[in-house]
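1. Okay, predicted coordinates and the sequence, questions at the end:
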Amino acid sequence: MSIAIPADMQRIFDAQVANQWKVKATTAEERKAKLTKFKNAVEAHADDIVAAVRQDTRKPIGEINTTEVMGVMGNIQRNIDNVEEWMKPTEVATSMNPADSAMIVPEARGVCLILGPWNFPLGLTFGPLAAAIAAGNCCMVKLTDLCPATAKIAGVIIREVFDENEVALFEGEVEVAQALLELPFHHIFFTGSTRVGKIVMAAAAKNLASVTLELGGKSPVVIGKDADIEAVAAALANAKQFNGGQACICPDYVFVPTDKKDALVEAFGRHVAANLYEGGEINKEAIAQIVNDRNFSRVKGLLDDAIEHGAKVEVGGMTEEGDLTIHPTMLTDVTPEMEILREEIFAPLLPVMTYDDLSEVTDYIAARDKPLALYIWSKDDATVDSVLSHTSSGGVTINGVFSHYLENNLPFGGVNQSGMGSYHGYFGFKAFSHERAVYKHAA
């Protein structure tokens, strides 16, 4: 059933369709000027951004500054620094006549829709927007309805910087996003759950729009038999504290050698305590709350189901519904039938399984949906190569966490159930560009 498109939304879309050719023809200098104005506006509203995201999510202020302010400004600056080079045609050799010439010309896709998530509401919306502007597109933008304060300040920034016939932001509930998906965009960039990603892709198919889908999944951690357990535990404790474990690339479950399990449990508990607790009380200013009541109930349900079916709480296990706090928790004796190993967790819960032979691990991972991230801890090349050869994932970090995401010279994206397409740095410019083939015969 089609959804009625509000008149104002249709008017702005029509204006962007008419304006797309002018925007497409802009020079690198003109795009740099827009991006510079965009970056300056983010900087000018930094305090407003922190207050808004804090209101919506109770994130630690340091995390907000890192991901929603400095990270955004860094993304915009990266586009400013490189857009001139990225816009240049790439000459290719001709196979028919050496006197002819051929080149690949990056051109704007046209009018794009960017749909952002709630876990990093500005960082994962303004990052793609910067790439779309660098590539010469018009854009309509919608932040999640779960972050209304952030959406409001994002709208202020966009209206200060852009005319609505080039970039426009829409606030409101899910019905607004549904109406936007009825419009015949040229490209849709969506960050969120796999479930909603399927809805976005179905909507795009009606108009043969191309898509970039940044989804999620259950990202495994494989601890090799030679791994430094202390380093692994510290990294996992930090990862599960960051945004309260609500990140698409957060480690979701762990495989550890049987004889290293107890050491991992002890070290993880010690690092969590050092990071978050004082006098036995958790410092709630240092960890984000679960985003809303529905997700809190979902996560608590995963924990309760695991315990009911025999999982053992080794670290944490406390939940505080009053302010949506879930303490970092490590579980052992988990089995594949438990919901916690079937559903993406998106919270500071960490189930641990043991293994004796590496093939048990790779067989388990390969039999399931391809994850967005995969983490391998080992200095043994054979171990690393075996895991890489027998599994698939959007990206991989070896002996660390999140690094394949943070490195902007690498493409970031999923595969199959964890996403489609990639972005970051040059790859973001590519995501919002069509590679146009141009062949010129010699006169």
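-> Great, that's in hand.
2. count of neighbours near Asp356?
-> Asp356 is surrounded by 11 other residues when neighbours are defined as other Cβ atoms under 10 Å. C-beta here means a position set from N, CA and C on the backbone, and glycine is covered the same way.
3. got a list of what it touches?
-> Each residue near Asp356 by Cβ atoms under 8 Å, 6 or more residues apart in numbering is listed here: 257-258.
4. The chain should start at 513 in everything you say after this.
-> Happy to do that; since the first residue is 513 now, the last one works out to Asp868.
5. ok, so what distance separates it from Leu900?
-> To Leu900, Asp868 is 21 Å away according to Cβ to Cβ, to the nearest Å.
6. residue boundaries of the strands in the stretch 613-762 of the chain?
-> Here the stretch 613-762 of the chain has its strands, by DSSP state E, counting those that start in this stretch, at 613-620, 623-627, 650-654, 679-682, 699-703, 722-726, 731-735.
7. Mean pLDDT, mean neighbour count and distance to Pro848 added to those strands, as a markdown table?
-> Written out in a markdown table, the entries for those read as follows (pLDDT from 0 to 100; neighbours: other Cβ atoms under 10 Å; distance: least, Cβ to Cβ, whole Å):
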| stretch | mean pLDDT | mean neighbour count | distance to Pro848 |
| --- | --- | --- | --- |
| strand 613-620 | 98 | 16 | 45 |
| strand 623-627 | 98 | 27 | 32 |
| strand 650-654 | 98 | 25 | 37 |
| strand 679-682 | 98 | 22 | 42 |
| strand 699-703 | 98 | 27 | 28 |
| strand 722-726 | 98 | 22 | 26 |
| strand 731-735 | 98 | 25 | 12 |
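8. now for the ones you listed, which one comes closest to His557?
-> Taking Cβ to Cβ, strand 679-682 is the member of the strands of the stretch 613-762 of the chain nearest to His557, at 13.6 Å.
9. And the helices in the stretch 613-762 of the chain, which stretches?
-> Secondary structure of the stretch 613-762 of the chain (DSSP state H, counting those that start in this stretch): helices at 635-646, 660-673, 686-692, 706-718, 741-753.
10. and the angle for the first one with strand 650-654?
-> Pointing back at helix 635-646 there. Relative orientation of helix 635-646 versus strand 650-654 (axes from the mean of the first three to the mean of the last three Cα atoms, to 10 degrees): 170 degrees.
11. can you redo the strands of the stretch 613-762 of the chain as CSV with distance to Lys549?
-> CSV is the format used below for those (distance: least, Cβ to Cβ, whole Å):
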stretch, distance to Lys549
strand 613-620, 19
strand 623-627, 18
strand 650-654, 15
strand 679-682, 11
strand 699-703, 21
strand 722-726, 25
strand 731-735, 37
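12. State the phi and psi torsions of Ala949.
-> Here is the backbone geometry of Ala949 (degrees, to the nearest 10): phi -80, psi 130.
13. Could you measure from the closest residue to it other than its chain neighbours over to Arg570?
-> Nearest in space to Ala949, with sequence neighbours left out and distances taken as Cβ to Cβ, 6 or more residues apart in numbering, is Ile616 at 6.2 Å. According to Cβ to Cβ, Ile616 and Arg570 sit 47 Å apart.
14. And for Leu814?
-> When distances are taken as Cβ to Cβ, Leu814 and Arg570 turn out to be 21 Å apart.
15. State the distance from Ala564 to Val673.
-> Noted for Ala564: a distance of 17 Å to Val673, by Cβ to Cβ.
16. No more questions from me, cheers.
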